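Student: Structure, please.
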Amino acid sequence: MCYHAFNGAFRHYVCVGCRLSFKGGTLSARRTCPECRGELAFAGYDFAAPRRRDVRAWSVVAAVLAEGLTYDHRPGCGCTHLPSFRPRTRAQLRARQRAARATGLPLAVTLARRDPATPELRDETPPAAAP
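Tutor: Below you'll find the predicted structure:
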């Protein structure tokens, strides 16, 4: 059984503009930022927020979330899968953007790879809808 499937306490929501991160349960209907009143984005169950003053790290978070990926170690409820990779630095992000342009693959696929040029068996596709 997947622990995340039954425990909503580990859902992380972020406001990239304000660089804020919140944990929310499944019953929490309010998902707006207290500073800008904008809607919070679902970042996944295993999101580790960078420091608020680290603008470069938050720009990488914004790029990952814009591609429809989340920070889940196991995509969906597949507990038998290996942990997923997400870039943490701008250099890693740029390398994956170059690989996406060179191979013609979607950026979401190359962002999920440990090595941007090497195909993996578990290349992910972005989820259809976030909870």
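
Student: Now do the SS call for the closest residue to residue 63 other than its chain neighbours.
Tutor: Spatial nearest neighbour of residue 63, chain neighbours left out: residue 93 (5.7 Å); criterion: C-beta to C-beta, 6 or more residues apart in numbering. (Glycine included, C-beta is placed from N, CA and C.) At residue 93, secondary structure determined by DSSP: H, G, I helix; E, B strand; the rest coil is helix.

Student: Residue 93 contacts residue 66, doesn't it?
Tutor: No. In this structure, residue 93 is not within contact of residue 66 by C-beta atoms under 8 Å, at 11.2 Å.

Student: More neighbours: the two, which one.
Tutor: When residue 93 and residue 66 are compared for neighbours, residue 93 comes out ahead with 21 against 12, by other C-beta atoms under 10 Å.

Student: got the contact list for the more buried one?
Tutor: Residue 93 makes contact with 60, 63, 87, 111, according to C-beta atoms under 8 Å, 6 or more residues apart in numbering.

Student: Can you give me the distance of the nearest residue to residue 103 once chain neighbours are set aside to residue 64?
Tutor: Sequence neighbours aside, residue 110 is the residue nearest to residue 103 in space, at 7.3 Å (criterion: C-beta to C-beta, 6+ apart). Residue 110 is 11 Å from residue 64, where distance means C-beta to C-beta, to the nearest Å.
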